[in-house]
Every structure is written in structure tokens, then in C-alpha cells.
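[1] For reference, the sequence and a predicted model appear below.
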Number of protein chains: 2
Amino acid sequence: MGPGPSNVSPEALAALARPITGHLDPAFLAMLDEIADRLRTVFRTSNAMTFAVSGTGSAGMEAALVNVLEPGDEAVVCVNGVFGGRLAEIASRAGAEVVRVEAPWGEIVAVDAVRQALQTHPNAKVLALVHAETSTGVRQPIEEIAAIVAEHPALFVLDAVTSLGGVPVDVDDWGVDVCYSGTQKCLSVPPGLSPITFSARAMDVVRGRTTPVRSWYLDVTMLEKYWGEERVYHHTAPISMLAALHAGLRRVLEESLDAAWDRHARLGSLLAAELCARGFSYVAPEDHRLPMLHCVRLPEGMDEAGVRARLLTAFGIEVGAGLGPFRGECWRIGLMGYTCSERNVLTLLAALDALMS
Amino acid sequence: MGPGPSNVSPEALAALARPITGHLDPAFLAMLDEIADRLRTVFRTSNAMTFAVSGTGSAGMEAALVNVLEPGDEAVVCVNGVFGGRLAEIASRAGAEVVRVEAPWGEIVAVDAVRQALQTHPNAKVLALVHAETSTGVRQPIEEIAAIVAEHPALFVLDAVTSLGGVPVDVDDWGVDVCYSGTQKCLSVPPGLSPITFSARAMDVVRGRTTPVRSWYLDVTMLEKYWGEERVYHHTAPISMLAALHAGLRRVLEESLDAAWDRHARLGSLLAAELCARGFSYVAPEDHRLPMLHCVRLPEGMDEAGVRARLLTAFGIEVGAGLGPFRGECWRIGLMGYTCSERNVLTLLAALDALMS
């Protein structure tokens, strides 16, 4: 019950245990097509270039930026936590001039601040935003910002690492150009892959570059030739992990996205009410809390590291430490995917009651 | 029996099927330490910075180069097949001026050509070389080139993707500064990780950079803080794959490197003799053949793609197609790690006899 990885679903574990085929085996290539289709459903997109980066969510973040940014480009990056900061850092290493739109940790990024940044930087190549900030538990509203981005030439890059599969992510409706996620959050597949999708407009930008993509490994114009019909070898695909993703996505879609969102919302509310009743308080304002990531200040006098260690050693329950300004003050409790069950909520609460009594 | 991935060892599959812990769980961090120790044994190095990149072998190649190269640096890259060409391409994208030392596909890179390139480019930052060229089956002798590199300031970067665990790789004895491999060849762990090691001298070069490493995901100065004692979160480690590597390395070391090298040499010779008796001929000269990767021209009149497809569909045996100039003319037969067994050699030969009769 940490901030990810979540517990792996039994279907994904079973897939991992199977012997592998080659990365050009017809059976495996058919599986890749099914993975791409399932990811399109989960991302709610019809983007052709929808696949899984052969690295963790941070590799997906790097793939999102390094493909569309060229040296000297302006990138407007919203920063209200660790992962917004990481976006800014990666954009800078890609050679971009980064314009930071800041908000305090624990708050959402203000719509007006985004509007103003894009007005001041009308030629920005990218507007990058984190949907679910795992360091603070803040859920960023997307619709209004999406409408503003749509009035500018900037590509809309959205981090959905923690949100995908747990709350609605509407790539096409929101006009998102590049959206990436991780496997180890609400999809309940082990960490190691990053689902990602590029709009046709984003792919046109990549194809129109005047400099090569700085990363050979993450170059989508080459990856497109492997995931697409040409099937040109690029790098050896992470076969077992892709089989796990294939199985994990099937489970997600068999439950249905609607049911998964409902489950996260219902159990997230249950956990929040019970934590507040025990003296915990949320970093994020109530309107902007994530159901799958609870960043909470501890009741007065509670030993942060000590109780967290006891939860792990005595009850086998992991919760995460606070990051940045919340280190030593907060916990981050995850209710993601397969981990998001009533049994887990009740067990955590019982363990807390035992340790706090 | 393709050019990789090899069949996954039962120990690695069993490890993949286990539920995961968090990437900061004490039990997992202890496993990371053991993985690093086992990799030091396999690489035959005492390098502190020995770990696994969270991506496939090509990510390891990119990590090797992007950390030590800065824009404008000269990189001498030996090219006698696909993977030497990939090294040159990645070095170029890292901003380096690439000096190619070429040899025809199927031949080794000449010692004199390396000597001359380093004499002509005495300030080269890097000399990069592929040990086992998977596209041609050529085994590059290392000792003489290592002695030449040692006389120059250039860092010695060695690709050991296909060789590690199948033939001797002596990182410290050879004075290799950066050596990387893949999990899916002679270690018989699924593709998805790249074991890598940096010498103290290479780490000094990285720390002395005047520009940031272009890849945030692959920046070893940050990865060092997670794999080392500080345990600072960088990205969520690919936990299941690392558990598989941990188990796969244990199997490799329980057999012993000496025994594994002997097994590859003995069965590689058996396969070579039997293939030649059936009219196949090797691309690589006899002195420079790899035991784990057999790139062979087909007997006259044999239907390359047809027989290869029949091997897969009728016998469940995968062999690889030729790459580059060998497309349609050659097969690449792998005898790597767990796949390298007498039973597999005899089964392949029996299947070939059935299809060729």
C-alpha cells in the first residue's frame, strides 16, 4: 500500500512465469498488436502510435519529451511536486528552454498561471502537466487547461503514471498529444514498462525535426517500425514484461474502466474518512484529492518512521514516506489497482488501530 | 535457438512469478546488493558502480556512451556489424564526433586499424568495441586492442551483450572502463535489463563533465545514489525483472563461469562440425567464431525463410534470420545459456535432417 508499485495481479504474475518466445515470433507480434489495442482503450484514444516504452514510467517521461523537443525549444512545465520537477529537468536536458509554472506542493496548478505562461510564450513547443502528482496526492483538473492549450500551438504532454486505470484519463477528448503512464500503479503489472501514446500531430512534429532525437533507445520514429506493420527489429523487446502487461490490461478491461474508477473512488473515500477520524489530515484540498494516493500528515506525536517500520515488519503492510517538504511529516498510502480492495483498507485500519492504541 | 532471447532458466521464471515488494523495501535493497556482487563476479571486476540498467541491452549501450561523452568529444567506434553501427549512431546522437574504424561484416576489427585511429585521434574520449557481434557471429579478440587503448587516454567501452557468461569477459584484466551486457543471452533471464559496470576512472570522467548527461533516466551519478548506500529514490526499479536476474545469476555462478564457458565451447564446436557436415558454412573465420552465435550460410538451394518457418511451426525451434548483407542468405543460430544443451543441439540437427531429406 505504498505509492507504487502496487500488488501485481495474479493474471500478470502467471504471465510472467511462462516460457518466452522470440521478439519476432508471430505469436508475440500478435500479442503486441493486442497490447496496443488494449492501451488505446485504456488511454481512450485512437492514436496509431500507442505502445509501451521498454523502461519504467520515468523512461516514458523521457520518451515523451525527448522526441518532441529540440535544442532551443521553449517548454512550459507545470511544477507542484516531484514529478513536475522531473519533467522540467528532463526537458532541460533535452536542450529546451524551460518555463516553469509553479504552484506550492499540495496545491493544483492554477488555470490562470498556465494561460499567462502560454500567452507570454506563444511559441512554446510543449505544455507539460502531471495529472496525478504522486508526491502530494493532488489530482490536477485537466479540462480547463486542455481548452487553453488547444488555443496555442504547444503540444499537450500529460503525465498519467499514477492516474491511468484509477481515474478517467481521456486522451482524445482532452486533446492530449503525448500521454505516458507506468505499469506498476493502477494497472497492477510490475514496474518496468511505460505505456505511451502519441497523437498524429505529435508524430508529425517528431518527423519534422531538424535534429535527430537525442536518445536512440527512445526514438519513436524507429519504435514505430517495430510496433507497426513493418516489424523492423529495433531492440529486443522485454518479452516477459509485455506478456504481463497483456494479461494485466485484460484484467483491467474485463472489470471495465468505469467499474475500476468507481472502486477507486469508493474505497478512496472510505480510507480518507477513516484516516481523518483517526487524526490524519490531507495535504491536498478535498476537491483535489486522488483516490489512489493518500498523502497525509500524521496525528500529533506519532512516530513517522517507527510506526511505518512496524506496519511493514509486524503486518506486512508497506506505506510510503513523504517526499521533499513532507519528509518525516507525511505518509503516502497507495490504493492502486489490485491493491485497491476493501480488505486491504480494513486491514490497514486495523493495523493502525493496533499500533496507535 | 535464435540470436537471443535464449530460453529462460527455470530459476528465473520462478522468481518472476513471485509477488513483489516495494523498491525501497529492506529485503529488496539487500537483493540489489547481491545482484551487484554477482554481477561483479560475472564481469570479473571490483568496480563499485556495477548494476543493471532498467532497460534492454541497447539501453545499456546508450547508458555506456551518453554518460561519458559530451558534445564535441571524439569517439573512436569499431564497426563490423549491426551493433558496432549502433554504437556509432548512439555516440553521434550523444553529440560526439565519431571516428569509425571499419571492417567488413564477418571479419574482426584489425588491431592496426585501432592503433592508427588512436594515433590519429590522440584526444579521443572513447574507444568502443563489440566483443561478440551478434549480426555476424564474430568473436573479437580483446587483449591486443586493450593494450593499445591502455596507452591512450581514451576510455575503453566494451559491448559484452552476447558474450557475457558464454566466453571469458575480463573487465579488470582488460582495463575495460565501461562494459555492458543483456540479460537475455547467456544469462538466460528475459530481456529487459542491461548489466553494466563503470570503472572508477569512468566515474571520474562522468563526475567531471561540464554539461549534464543528456539522459536523466540513464544518468549514473543519480543511479549511483540508489544502488549505493544512500538509497535515494531515482526511478521505480523493475522489481520482478531484478528478482529474475538475481535468480539467473545465482544459477550461472552455481554452475561456475569456467563450467559455463566449457559447455558453450564444447557444444558450439559440436554444432559447428555437424552444420558443416550438412553443407552449412560460417561467415566468421574459424579462429574468430562465437560458440553461442552461429551465423551460417545455407546449403545451396535451401529455402531460407521456408525452412526457418517450418523449424518453428513443426518443431517449435526458432532460429534467426540474417541481418544486413546476410538477409536471405544466412541463419543465426543461438546456443546461449540455458538453451546451450546437448539435447537442443541434437534436436535441432534431427529437425534439420528431417526437413532436408
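    Yes, it's here.
[2] which regions of chain A lie under the pLDDT threshold?
    When residues are selected by pLDDT under 70, none of them lie in chain A.
[3] what about the longest helix in it?
    Criterion DSSP state H: the longest helix present in chain A is helix A:257-277.
[4] and that one, what does it pack onto?
    strand A:293-297, helix A:342-356 (3 or more Cβ pairs under 8 Å, 6 or more residues apart in numbering or on different chains; DSSP states H and E). (Glycine included, C-beta is placed from N, CA and C.)
[5] So what's the residue count around A:Met356?
    Residues within reach of A:Met356, counting by other Cβ atoms under 10 Å in any protein chain shown, total 11.
[6] Kindly confirm my reading that A:Asn67 is in a strand.
    No. With DSSP: H, G, I helix; E, B strand; the rest coil as the criterion, A:Asn67 is helix rather than part of a strand.
[7] close enough to count as contact, it and A:Val220?
    Yes. Under the criterion of Cβ atoms under 8 Å, A:Asn67 makes contact with A:Val220 at 5.0 Å.
[8] Briefly note if stretch A:119-138 comes near chain B.
    No. Stretch A:119-138 does not reach chain B (Cβ under 8 Å from any Cβ of the partner chain); its nearest approach is 10.0 Å.
[9] For that stretch, which residues meet the burial criterion?
    A:121, A:124-138 (16 or more other Cβ atoms under 10 Å in any protein chain shown).
[10] Now the terminal residues of that stretch, how far apart.
    By Cα to Cα, to the nearest Å, the extent of stretch A:119-138 from end to end equals 26 Å.
[11] now stretch A:96-109
    End-to-end distance of stretch A:96-109 (Cα to Cα): 21 Å.
[12] Can you say which of the helices and strands packed on helix A:257-277 is packed in most?
    strand A:293-297 (a mean of 25; mean count of other Cβ atoms under 10 Å in any protein chain shown).
[13] Using TSV, lay out the helices and strands packed on helix A:257-277 together with distance to A:Trp261.
    Listed next are those as TSV, based on distance: least, Cβ to Cβ, whole Å:
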stretch	distance to A:Trp261
strand A:293-297	15
helix A:342-356	16
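[14] Of the ones you listed, which is nearest B:Thr56?
    Among the helices and strands packed on helix A:257-277, strand A:293-297 comes nearest to B:Thr56, with 29.5 Å by Cβ to Cβ.
[15] which helices and strands does that closest one pack with?
    Short answer (3+ Cβ pairs under 8 Å, 6+ apart): strand A:293-297 packs on helix A:257-277, strand A:281-282, strand A:330-334.
[16] most packed of these?
    By mean neighbour count, with neighbours taken as mean count of other Cβ under 10 Å, strand A:330-334 ranks first of the helices and strands packed on strand A:293-297 at a mean of 26.
[17] Touching, A:Thr236 and B:Gly182? I think so.
    Yes. Contact criterion Cβ under 8 Å: A:Thr236 and B:Gly182 qualify, at 7.1 Å.
[18] Can you pull the residues that touch both of those two?
    In terms of Cβ atoms under 8 Å, 6 or more residues apart in numbering or on different chains, A:Thr236 and B:Gly182 are both contacted by the residues B:4, B:56-57, B:191.
[19] mind listing which of those residues are in helices?
    Per DSSP H, the shared contacts of A:Thr236 and B:Gly182 map to helices at B:Gly57.
[20] Distance to B:Leu348 and neighbour count added to the shared contacts of A:Thr236 and B:Gly182, as JSON lines?
    JSON lines is the format used below for the shared contacts of A:Thr236 and B:Gly182 (distance: Cβ to Cβ, whole Å; neighbours: other Cβ atoms under 10 Å in any protein chain shown):
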{"residue": "B:Gly4", "distance to B:Leu348": "16", "neighbour count": "26"}
{"residue": "B:Thr56", "distance to B:Leu348": "26", "neighbour count": "27"}
{"residue": "B:Gly57", "distance to B:Leu348": "24", "neighbour count": "31"}
{"residue": "B:Pro191", "distance to B:Leu348": "22", "neighbour count": "30"}
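[21] okay, the shared contacts of A:Thr236 and B:Gly182 in JSON lines with distance to chain A next?
    Shown next, in JSON lines, are the shared contacts of A:Thr236 and B:Gly182 (distance: Cβ to the nearest Cβ, whole Å):
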{"residue": "B:Gly4", "distance to chain A": "6"}
{"residue": "B:Thr56", "distance to chain A": "5"}
{"residue": "B:Gly57", "distance to chain A": "7"}
{"residue": "B:Pro191", "distance to chain A": "4"}
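[22] which of the shared contacts of A:Thr236 and B:Gly182 sit farthest apart?
    Most distant of those, by Cβ to Cβ, are B:Gly4 and B:Thr56, 10.1 Å apart.
[23] what is in contact with these two at once?
    Shared contacts of B:Gly4 and B:Thr56, counting by Cβ under 8 Å, 6+ apart, come down to A:236, B:182, B:184, B:191.
[24] Let me know the closest of the residues you listed to A:Gly166.
    Nearest member of the shared contacts of B:Gly4 and B:Thr56 to A:Gly166, counting by Cβ to Cβ, is B:Pro191, at 28.8 Å.
[25] just checking, that closest one touches A:Thr236?
    Yes. Look at B:Pro191 against A:Thr236 with Cβ under 8 Å: they come within range, at 4.3 Å.
[26] Chain B contacts on the stretch 151-300 of chain A?
    Residues of the stretch 151-300 of chain A lying close to chain B (Cβ under 8 Å from any Cβ) are A:182, A:184, A:190-192, A:212-217, A:233-241, A:244.
[27] domains of chain A?
    For chain A, automatic domain parsing gives the domain ranges A:10-254, A:257-356.
[28] related to what we said a few turns ago, anything in contact with each of A:Asn67 and A:Val220?
    Common neighbours of A:Asn67 and A:Val220 (Cβ under 8 Å, 6+ apart) are A:198, A:206, A:213.
[29] Show me which of these is closest to chain B.
    Nearest to chain B out of those is A:Val213 (Cβ to the nearest Cβ; 7.2 Å).
[30] And the contacts of stretch A:15-32?
    A:51, A:190, A:227, A:231, A:233, A:236-237, A:239-244, A:246-248, B:2, B:5, B:7-8, B:13-14, B:16-17, B:190-191, B:240, B:312, B:318, B:320.
[31] again, 7 Å this time
    Contacts of stretch A:15-32 with the rest of the structure, by Cβ atoms under 7 Å, 6 or more residues apart in numbering or on different chains, involve A:227, A:231, A:233, A:236-237, A:239-240, A:242-244, A:246-247, B:2, B:5, B:7-8, B:13, B:16-17, B:190, B:240, B:318.
[32] The closest residue to A:Leu129 other than its chain neighbours: neighbour count?
    Counting by Cβ to Cβ, 6 or more residues apart in numbering or on different chains, A:Cys78 is the residue found nearest to A:Leu129 once chain neighbours are left out, at 4.7 Å. Using other Cβ under 10 Å, A:Cys78 is surrounded by 27 other residues.
[33] Against which helices or strands is the helix or strand harbouring A:Cys78 packed?
    Element membership for A:Cys78, per DSSP states H and E: strand A:74-79. Strand A:74-79 is packed against helix A:82-93, strand A:97-102, helix A:111-120, strand A:126-130, with contacts defined by 3 or more Cβ pairs under 7 Å, 6 or more residues apart in numbering or on different chains; DSSP states H and E.
[34] Swap in 6 Å and give it another go.
    helix A:82-93, strand A:97-102, strand A:126-130 (3 or more Cβ pairs under 6 Å, 6 or more residues apart in numbering or on different chains; DSSP states H and E).
[35] distance of A:Val109 from A:Arg115?
    11 Å (Cβ to Cβ, to the nearest Å).
[36] same check, this time on A:Ser54
    From A:Ser54 to A:Arg115 the distance is 37 Å (Cβ to Cβ).
[37] Same check on A:Val319?
    According to Cβ to Cβ, A:Val319 stands 37 Å off from A:Arg115.
[38] ok, now how distant is A:Glu62 from chain B?
    According to Cβ to the nearest Cβ, to the nearest Å, A:Glu62 and chain B sit 5 Å apart.
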